[in-house]
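Novice: Next come a sequence and a model predicted from it.
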Amino acid sequence: MKFLNGVLFLALLVGCQKSTETSQSPIDAYKVEDLPQDFQVPDFIWDIANKVIPPNKPKTIIYGPVHLKLAEKNKGILKESTLLFVMQSGGGELDLSKVVSGQPGSFSLGFDVPIKDKILQTKVFFISQNRQRKVGGEVLGSGCKKVLELTTQFGKLGFLQMLDLNTTRYRHLSVLGGHFLFLVETEKNWIVSQVSFYDSERSDLFCPGFRSTEVNK
């Protein structure tokens, strides 16, 4: 699988339980219980990991948690002004139709992989599952199963790097539709986590086979 360097400037509460137990923020957090439908150690994760993890430095590979933070820039864009999702070991998935109001406007998104051990390096990848489309002469979407390395954009965890997104004509889905993969090296382990983004109301914007969208159409 070939890696492509790129910057994304394009554009669930199902299985969630509300909680305030987070040291990251005083805002309410949603604990995501469900793993993505296709999170069965997908081959693409190991394709990427095998290219990133040095074979001469074997370490145990374990699954780790990941947190998401969404904050609206325009009032009313999200169901709540700020949302924090706490995903357990291995990550999870987020149905954006449950958190985005449908109004045109902007919001930001950031990630954190909370780890107590010293972090040696972080690698971030995006596996696109959104169809390319034209909106007003502008081409949106990365295409199906394209792999982008986003370490420069998201290598600083702890919500220190936020991605600005716009919901006008579903531009945010043409950015987020797919899997974000995090590989974090500590002194003892490689920690793997991922987040899948989709929209259960707009399966037409995603690639064939992604969450069985073609079956449900």
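Specialist: Everything's here; your move.
Novice: now the strand ranked longest in the chain, how far from the centre of its chain.
Specialist: Longest strand in the chain by number of residues (criterion: DSSP state E): strand 119-130. Its chain's average C-alpha position is 9 Å from that of strand 119-130, according to C-alpha atoms, centre = their mean, to the nearest Å.
Novice: Average pLDDT for that strand, rounded please.
Specialist: Average pLDDT, strand 119-130: 91.
Novice: One more: stretch 162-179?
Specialist: Stretch 162-179 shows a mean pLDDT of 94.
Novice: do stretch 47-57 as well
Specialist: Stretch 47-57 shows a mean pLDDT of 75.
Novice: Can you give me the buried ones in that stretch?
Specialist: 48-49, 52-53 (16 or more other C-beta atoms under 10 Å). C-beta coordinates here come from the backbone N, C-alpha and C atoms, glycine included.
Novice: Run through who's touching that stretch.
Specialist: With contacts defined as C-beta atoms under 8 Å, 6 or more residues apart in numbering, stretch 47-57 is touched by 1, 3, 59, 61, 123, 125, 147, 181, 183, 185, 190, 192.
Novice: Kindly recompute the last result at 6 Å.
Specialist: For stretch 47-57, the surrounding residues in contact (C-beta atoms under 6 Å, 6 or more residues apart in numbering) are 1, 123, 125, 183, 190.
Novice: ChimeraX command to pick out the buried ones of those residues?
Specialist: In ChimeraX, a selection of the buried entries from the contacts of stretch 47-57 looks like this (16+ other C-beta under 10 Å):
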select :123,125,183,190
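Novice: Most widely separated two among the contacts of stretch 47-57?
Specialist: Maximum pairwise distance among the contacts of stretch 47-57 (C-beta to C-beta): 18.1 Å, between Met1 and Trp190.
Novice: Go through the buried residues of stretch 47-57 and name the one nearest Pro65.
Specialist: Among these, and counting by C-beta to C-beta, the member closest to Pro65 is Ala49, at 17.8 Å.
Novice: That closest one belongs to a helix, doesn't it?
Specialist: Yes - looking at Ala49 with DSSP: H, G, I helix; E, B strand; the rest coil, it is inside a helix.
Novice: quick one: it from Gln194, how far?
Specialist: Applying C-beta to C-beta, to the nearest Å, the value for Ala49 to Gln194 is 11 Å.
Novice: Also Thr151?
Specialist: According to C-beta to C-beta, Thr151 stands 15 Å off from Gln194.
Novice: who's more crowded, those two?
Specialist: Using other C-beta atoms under 10 Å, the more surrounded residue of Thr151 and Gln194 is Gln194, with 24 against 16.
Novice: Cool, thanks, signing off.
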